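Novice: Sequence first, then the predicted structure, then my questions.
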Amino acid sequence: MPELSEVLTLDYLRERGMVLSYAIVALVLFVIFMIGTFPYQEALTGALMPLGLEIAATSERPAIPLGAVLENVRLISLDHPSAPPIVQSESLKLTPALGMLIGRPAVNIRADMYGGRVWANVSRRGDITGLTLDLSNIDLSRYPTSPSFAATIKGIVSGTASFENIGPTIYSQNGAFTLEGHDLEYGLIKGFPPLRFSHLKTTCRLDQATLRVNALEGTGPDMTVSGSGVIHLGPTLALSMIEMTMRIMPTVAGRARLGMLFAFLPHPPDNRPYVFHGPLLMPQAN
């Protein structure tokens, strides 16, 4: 067994240069073969299946220099496979993440969807699935909503999210996210003008079935809003409950445009906060 001082000499390296060269070439070929034959779609499906989700695509092709590209991708609920997909992507690129080097299934994702782009990392560690997201310029008007969903929303949204654990139910979710919207229009009640925001930002923490809205700030041609609170998530939106404090300061144009909507509030909009509580879809205001 040569000592370290012998291994570091030039003579030793020259004598064994051919062996080292073959070893390096073999390692490179092994990595290329592993990356080229890695079952990317199956790995992503395996990470999502415990969450009750599945990836479907019309075609798959190799990506340069590594990875795979899936076309016309749909994220499907295994509980409702015939329902419309949760999200769709025109093109999705998968590459192995660093976690693969230490035996942890992990995939990096870059997806083009709804006029914007999403970067994500999905990883498995034992029974835990981790997820990080980075959204850029997602056009909400291009997302198909259910006809039963009365509210309408338009605008461009970007943001980041990091979930230490995501599971198949709302009671197995832990993480935080920040969303920032521009040129938003939110039609709250059919027949009323939509609420308009030039800029709206929220920072939230999700702890199982409790969504903590740490901050909500918005400005626009109709009003300025700020608030914080908690939403207790139920199995459906109708069974979710809200406890949130909001300050609403309308502009002159907002008072004229949304006067009928403001008339439903318990007092005229001023410096006094409103406390919204009760069912999420039909809260009471004090």
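Specialist: Happy to help now that I have it.
Novice: helices and strands of the chain: which one has the lowest mean pLDDT?
Specialist: Ranking every helix and strand in the chain by mean pLDDT, DSSP states H and E puts helix 17-36 at the bottom, with a mean of 47.
Novice: all strands of the stretch 101-250 of the chain, in order?
Specialist: 106-113, 116-125, 128-139, 152-165, 174-187, 195-207, 210-219, 223-232, 241-250 (DSSP state E, counting those that start in this stretch).
Novice: most neighbours per residue, which of those strands?
Specialist: Burial of the strands of the stretch 101-250 of the chain is given as mean neighbour count (mean count of other Cβ atoms under 10 Å); strand 106-113 ranks first at a mean of 20. In short, each C-beta sits where N, CA and C put it, glycine included.
Novice: Paired strands for that strand, with orientation please.
Specialist: strand 87-96 (antiparallel), strand 116-125 (antiparallel) (DSSP bridges).
Novice: Make a markdown table from those and add mean pLDDT to it.
Specialist: Converted to a markdown table, the strands paired with strand 106-113 look like this (pLDDT from 0 to 100):
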| stretch | mean pLDDT |
| --- | --- |
| strand 87-96 | 84 |
| strand 116-125 | 84 |
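Novice: quick one: which of the ones you listed is nearest residue 137?
Specialist: Residue 137 sits nearest to strand 116-125 of all those, at 3.8 Å, using Cβ to Cβ.
Novice: Pull the distance from the closest one to the chain's centre.
Specialist: 8 Å (Cα atoms, centre = their mean, to the nearest Å).
Novice: what about dumping the CA coordinates of that strand to CSV?
Specialist: Extracted C-alpha coordinates of strand 116-125, given in CSV (Å, rounded to 0.1, in the frame of the first residue of the first chain):
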residue,chain,number,x,y,z
GLY,A,116,-45.2,32.4,-17.7
ARG,A,117,-42.6,30.0,-16.4
VAL,A,118,-42.3,27.8,-13.3
TRP,A,119,-39.1,26.4,-11.8
ALA,A,120,-39.5,23.6,-9.2
ASN,A,121,-37.6,21.0,-7.3
VAL,A,122,-39.5,17.8,-6.1
SER,A,123,-37.6,15.5,-3.7
ARG,A,124,-38.4,12.4,-1.6
ARG,A,125,-36.8,11.7,1.8
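Novice: Was I right to think residue 96 contacts residue 109?
Specialist: No: checked against Cβ atoms under 8 Å, the pair residue 96 and residue 109 is beyond contact range at 11.3 Å.
Novice: first to last residue in stretch 163-180, what's the distance?
Specialist: 18 Å (Cα to Cα, to the nearest Å).
Novice: Let me know the average pLDDT across it.
Specialist: Per-residue pLDDT over stretch 163-180 has a mean of 78.
Novice: circling back: could I get the strands paired with strand 106-113 as JSON lines with distance to residue 138?
Specialist: Shown next, in JSON lines, are these (distance: least, Cβ to Cβ, whole Å):
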{"stretch": "strand 87-96", "distance to residue 138": "10"}
{"stretch": "strand 116-125", "distance to residue 138": "4"}
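Novice: The ones you listed: which one's closest to residue 281?
Specialist: The closest of the strands paired with strand 106-113 to residue 281 is strand 87-96. By Cβ to Cβ, the value is 22.8 Å.
Novice: to the chain's geometric centre, what's the distance from that closest one?
Specialist: With Cα atoms, centre = their mean, you get 13 Å for strand 87-96.
Novice: got the angle for it vs strand 128-139?
Specialist: Here strand 87-96 runs at an angle of 130 degrees relative to strand 128-139 (axes from the mean of the first three to the mean of the last three Cα atoms, to 10 degrees).
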